[in-house]
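1. Quick one, structure for this:
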Amino acid sequence: MLVLLFILFAGLAIGCAIALVAQRNPLYSAISLIGVFISLACLYVMLAAPFIAAVQVIVYAGAIMVLVVFVIMLLNVEQEERRRSRLGFLVPAAVVLAAVLVAEAAFIIWFVDKSHATPTQNISDTGLTSSIGSALFTKYLLPFEITSILLLMAIVGAMTLARRIKEIPAGAAVVPGAQVLPLHMFDRSVPLSDTRGVEAYGTEEVAEVLDLPDDHDLTKRD
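-> Residues are numbered from 1 along each chain as shown. Here you go, the predicted model:
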């Protein structure tokens, strides 16, 4: 029975992994990755590690994938754009590495099956909630706290980069937020070499402050 369940969940994991790299729609790839995570969680349960299985579902299939799907929807990526590969050796290298991985897995399965070692009678508590919790907050407390600080620094850095004001190109028509707009966008008599700018929230405000016609306003064009 356990062998059949292992074949089922392992097959689901492999199938979802193949669908992950075969799909051209990134949203479908993210859903396939969720299937891989859930299949791995089922395998963890079969290995008597319920806590790791729960963390796999809650953290990876839950929080991480919500973040991935949010980024995909934010970027509005509908379909992958096929481009000519500049690195032609990647496909043969991937085939060779995949063959090495399959050979390694087959060797491990054959070696374990042919081994005459008898398992010990002591039942290990590895993977249980109590053992992981005691190790995490005693022996590995310092690495755990350092990881928390690193994640906090990453969040602060992401917020800082998101709030950074980017340079506005000369042909920008609408600029959200307070930005420094080049003056030659509104007064064509000003040469492009003139680096003067006007801080405003958009083209209409600049045109109103400088008493200039707004070329980007369709209702005021001739």
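2. and this structure, what are its domains?
-> In the domain annotation for the chain, the residue ranges read 1-79, 179-220 (automatic domain parsing).
3. Verify the assumption that Gly88 is located in a strand.
-> No - looking at Gly88 with DSSP: H, G, I helix; E, B strand; the rest coil, it is coil, so not inside a strand.
4. neighbours of it, just the number please.
-> Number of residues near Gly88 (other CB atoms under 10 Å) recorded here: 9. Where C-beta positions appear, they are placed from N, C-alpha and C, glycine not excepted.
5. What separation is there between it and Ala94?
-> 12 Å (CB to CB, to the nearest Å).
6. which regions of this protein sit below the pLDDT cut-off?
-> Within the chain, the segments meeting pLDDT under 70 span 77-87, 116-127, 162-188, 195, 197-222.
7. Correct me if wrong: Gln56 contacts Leu43.
-> No - assessed by CB atoms under 8 Å, Gln56 is found out of contact with Leu43, at 9.3 Å.
8. So for the two, which residue has more residues nearby?
-> Counted by other CB under 10 Å, Gln56 and Leu43 do not tie: Gln56 has more neighbours, with 21 against 18.
9. Leaving out the residues flanking it, which one is nearest to that one?
-> Using CB to CB, 6 or more residues apart in numbering and skipping residues adjacent in sequence, the residue nearest Gln56 is Ala41, 4.2 Å away.
10. State the three-state secondary structure for Ser130.
-> Going by three-state DSSP: Ser130 is helix.
11. That one: how many residues sit nearby?
-> So Ser130, with other CB under 10 Å, has 9 neighbours.
12. And for Leu20?
-> For Leu20, using other CB under 10 Å, the count is 17.
13. Could you list the buried residues of stretch 146-153?
-> By neighbour count on 16 or more other CB atoms under 10 Å, the buried set for stretch 146-153 is empty.
14. then that stretch to CSV, C-alphas only?
-> What follows is stretch 146-153, C-alpha atoms only, in CSV (Å, rounded to 0.1, in the frame of the first residue of the first chain):
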residue,chain,number,x,y,z
ILE,A,146,20.0,36.1,12.1
THR,A,147,17.7,34.8,9.4
SER,A,148,14.8,37.0,10.9
ILE,A,149,17.1,40.1,10.7
LEU,A,150,18.1,39.3,7.1
LEU,A,151,14.4,39.0,6.1
LEU,A,152,13.6,42.2,7.8
MET,A,153,16.5,43.9,6.0
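15. same for the helix or strand where Leu4 lies, what does it pack against?
-> According to DSSP states H and E, Leu4 maps onto helix 2-22. Contacts defined by 3 or more CB pairs under 8 Å, 6 or more residues apart in numbering; DSSP states H and E place helix 2-22 against helix 26-46.
16. residues of the helix or strand that the helix it packs on is followed by that come out buried?
-> Where DSSP H and E defines the elements, the next helix or strand beyond helix 26-46 is helix 50-55. Buried residues in helix 50-55, counted by 16+ other CB under 10 Å: 52-53, 55.
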